[in-house]
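In: Based on what follows, work out the 3D shape:
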Amino acid sequence: METKGTDEVEKLKSRFMSAWHSVKYSWVLKTKTSFSRNSPVFLLGKCYHFKAEDEESPTESCTADEFDNDVVMGNVDDFRRDFASRVWLTYREEFATLPDSVVTSDCGWGCTLRAGQMMLAQALVLHFLGRDWTWPEALTLEALDTETRTSSAARRLVASLEASFQGDRPRLPEPLCQGGAEEADSHLKEVYHRTIVSWFGDTPSSQLGVHRLVHLGMASGKRAGDWYGPAVVAHILRKAVEAATDPGLKGINVYVAQDCTVYSADVIESHSARADACGGPEGHVADSRAVIILIPVRLGGEKINPDYFNFVKGILSLEYCIGIIGGKPKQAYYFVGFQDDSLIYMDPHYCQSFVDVSTSDFLLQSYHCPSPKKMPFVKMDPSCTIGFYSKSVQDYERICNELSKVLQPSVKEKYPAFTFMKGHGRDYELSVPAEKKEWPFIRDKRKAGATAGDFVLLKRHTEERGKEH
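Out: This is a model prediction of the structure:
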């Protein structure tokens, strides 16, 4: 009886905290984001310039080298459509209890997991739909109304003490997509779109949902309610994709770099693994696996080193970049682009209601965000995970060549953020299991904190090890 009473108290506490976070994080939407019309905007390899309103001129992929060229044009609606088409995964409440807990919401602690989910979702969009795909309803999304949603959250705070949230809201029918001659193609893309979102549903059976991620994190000593770092999330995502049973995910592997080093033989091996994989929801058979490359890095000591700003810009200017799991201290964001000296990000710190993605007509609106946010580079936490999508071995070779140019350190920088090396990781006798590390450089608990000097020393050690081989 005592145990049962304790569980009820914990459930009530979890419900109360969930409602409180709904109120707290709704204020995130209060500030509006402004963009300069005089500077290009980069979004996951696409470049937009708001001075142009020429809708007949397509927006092209470009790099930071073309930053000053006015030949790359777009318009505001193109950017809005592109941004709103990215899959947005935020805090949710009132889902089934998470493994080994009574927790029914990830509000207040699951932001890094959500940022990781968004990065993985972008990789899946590239894999199944391509970088040029946009959601037909992207521009119909209503702006996030702070006052309305905050007051709604406040009402839920009271209601949560009396009853469950789930089932309180009527489900509205989703408008059917009309396409005429392109109806079949639009329908197929919509199937892929919905399938990708459903993989991230907040149910124990969802392939890449928060329940699965929390369960896999337990092997690294993490539990529901704990804080997850970008490096740990990278390894959890790898395990989740590896353990996925859906045929559509059998054509994809996730590779996580070790000690800021990408071992090419390991990536190529991942591309070739299990050629019997199916390539998508429709059962298309692939001849090799695509690889999602995740690279946990630390871009400085206690604070980000400003010399890495241009490196981050260069990364986010590449069409095969799937973003960065990062943020600022105590808050994780999903970085997707930049303008001038500000990062553009998708914010998971907004608590939304559980959506049953097992139905064929579940509403997609809460999985897409109409409002981009910006943050100065100087506020970026140095600990982050960078992601890339490689469709084939040929793609990987191209990525290596292009990234080698971006990674060339400046005179100030001295050391690259990460490196590529030939061979397998096992050839270098890495003694510490990578998934046990919170970030690539183990922090000595006897010290107050890591310093920039510690970082440079470890980077020099990595460089010298590379020279030996």
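
In: and the strand or helix carrying L120, what other elements does it pack with?
Out: Assigned by DSSP states H and E, L120 falls within helix 111-128. If you count contacts as 3 or more Cβ pairs under 8 Å, 6 or more residues apart in numbering; DSSP states H and E, helix 111-128 packs onto helix 183-199, helix 210-217, helix 230-243, strand 252-256, strand 290-298, strand 321-328, strand 331-339, strand 383-390. In this view, the C-beta of every residue, glycine as well, is placed from N, C-alpha and C.

In: rerun at 7 Å
Out: helix 183-199, helix 230-243, strand 321-328, strand 331-339, strand 383-390 (3 or more Cβ pairs under 7 Å, 6 or more residues apart in numbering; DSSP states H and E).

In: which residues are contacting that helix?
Out: 44, 86-91, 106, 133, 192, 196, 200, 208, 210, 213, 228-230, 233, 237, 252, 280, 290, 292, 322-323, 325, 331-334, 346, 348-349, 387, 389 (Cβ atoms under 7 Å, 6 or more residues apart in numbering).

In: Write the ChimeraX selection for whichever of these are buried.
Out: Selecting only the buried entries of the contacts of helix 111-128 in ChimeraX, with 16 or more other Cβ atoms under 10 Å as the criterion:
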select :44,86,87,88,89,90,91,106,192,196,200,208,210,213,228,229,230,233,237,252,280,290,292,322,323,325,331,332,333,334,346,348,349,387,389
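
In: The helices and strands packed on helix 111-128: which one's closest to Y308?
Out: strand 383-390 (10.1 Å; Cβ to Cβ).

In: Pull up the pairing partners for that closest one, direction included.
Out: strand 290-298 (antiparallel), strand 321-328 (antiparallel) (DSSP bridges).

In: can you give me the strands for the protein?
Out: Assigned by DSSP state E, the strands in the chain fall at 41-43, 46-48, 92-93, 252-256, 261-263, 290-298, 321-328, 331-339, 342-346, 352-353, 373-376, 383-390, 419-421.

In: who does the second one touch, helix- and strand-wise?
Out: Packing partners of strand 46-48 (3+ Cβ pairs under 7 Å, 6+ apart): helix 76-85.

In: Identify each buried residue in the helix it packs on, please.
Out: Going by 16+ other Cβ under 10 Å, helix 76-85 has these buried residues: D78, F79, R80, R81, D82, F83, A84, S85.

In: Just the closest of these to L141, please.
Out: A84 (5.6 Å).

In: Tell me if I'm right that the closest one and H368 touch.
Out: Yes. At 5.3 Å, A84 and H368 qualify as touching, with contact defined as Cβ atoms under 7 Å.

In: Which neighbours do those two have in common?
Out: Common neighbours of A84 and H368 (Cβ under 7 Å, 6+ apart) are W135, A138, L141.

In: Dump the residues you listed into JSON lines; add distance to D361 and pLDDT as well.
Out: Below are the shared contacts of A84 and H368 laid out as JSON lines (distance: Cβ to Cβ, whole Å; pLDDT from 0 to 100):
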{"residue": "W135", "distance to D361": "16", "pLDDT": "96"}
{"residue": "A138", "distance to D361": "19", "pLDDT": "93"}
{"residue": "L141", "distance to D361": "18", "pLDDT": "88"}
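
In: What angle do helix 183-199 and the helix holding L120 make with each other?
Out: Calculated by axes from the mean of the first three to the mean of the last three Cα atoms, to 10 degrees, helix 111-128 forms an angle of 150 degrees with helix 183-199.

In: now S270: how far from K250?
Out: Separation of S270 from K250 (Cβ to Cβ, to the nearest Å): 13 Å.

In: Of these two, give the one with the bigger neighbour count.
Out: Between S270 and K250, counting by other Cβ atoms under 10 Å, S270 is the more crowded of the two (22 against 19).

In: where in the chain is pLDDT low?
Out: Residues of the chain meeting the criterion pLDDT under 70: 1-31, 52-74, 143-181, 273-287, 409-414, 429-469.

In: make it 90
Out: 1-38, 49-76, 141-186, 220, 272-288, 329-330, 360, 370-371, 404-416, 425-469 (pLDDT under 90).

In: Need the contact partners of stretch 253-272.
Out: By Cβ under 7 Å, 6+ apart, stretch 253-272 touches 234-235, 237-238, 241, 273, 288-289, 291-297, 392-393, 396, 400, 417-425, 430, 434, 440, 462.

In: Buried subset of these as a PyMOL selection?
Out: Selection command for PyMOL covering only the buried members of the contacts of stretch 253-272, criterion 16+ other Cβ under 10 Å:
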select buried, resi 234+235+237+238+241+288+289+291+292+293+294+295+296+297+393+396+417+418+419+420+421+425+434+440+462
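
In: What residues does H193 make contact with?
Out: L129, W135.

In: That one and W133, how far apart?
Out: When H193 is compared with W133 (using Cβ to Cβ), they lie 8 Å apart.

In: just to revisit the earlier point, how big is the angle separating the helix holding L120 from helix 76-85?
Out: 110 degrees.

In: Dump helix 111-128 to PDB, restricted to CA.
Out: In PDB, the C-alpha atoms belonging to helix 111-128 read as follows (Å, rounded to 0.1, in the frame of the first residue of the first chain):
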ATOM      1  CA  CYS A 111      15.400  18.900 -24.800                       C
ATOM      2  CA  THR A 112      18.700  17.300 -26.000                       C
ATOM      3  CA  LEU A 113      16.800  14.100 -26.900                       C
ATOM      4  CA  ARG A 114      14.300  16.200 -28.900                       C
ATOM      5  CA  ALA A 115      17.100  18.100 -30.700                       C
ATOM      6  CA  GLY A 116      18.700  14.700 -31.600                       C
ATOM      7  CA  GLN A 117      15.300  13.500 -32.900                       C
ATOM      8  CA  MET A 118      15.000  16.600 -35.100                       C
ATOM      9  CA  MET A 119      18.500  16.000 -36.600                       C
ATOM     10  CA  LEU A 120      17.700  12.400 -37.300                       C
ATOM     11  CA  ALA A 121      14.300  13.400 -38.800                       C
ATOM     12  CA  GLN A 122      16.100  15.700 -41.200                       C
ATOM     13  CA  ALA A 123      18.400  12.900 -42.300                       C
ATOM     14  CA  LEU A 124      15.400  10.700 -43.000                       C
ATOM     15  CA  VAL A 125      13.800  13.500 -45.000                       C
ATOM     16  CA  LEU A 126      16.900  13.800 -47.100                       C
ATOM     17  CA  HIS A 127      17.000  10.000 -47.500                       C
ATOM     18  CA  PHE A 128      13.300   9.500 -48.500                       C
END
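
In: Output the strands paired with strand 383-390 as a markdown table; include the columns distance to F377.
Out: Putting the strands paired with strand 383-390 into a markdown table (distance: least, Cβ to Cβ, whole Å) gives the following:
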| stretch | distance to F377 |
| --- | --- |
| strand 290-298 | 15 |
| strand 321-328 | 11 |
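
In: closest one to R37 among these?
Out: Of the strands paired with strand 383-390, nearest to R37 by Cβ to Cβ is strand 321-328, at 24.6 Å.
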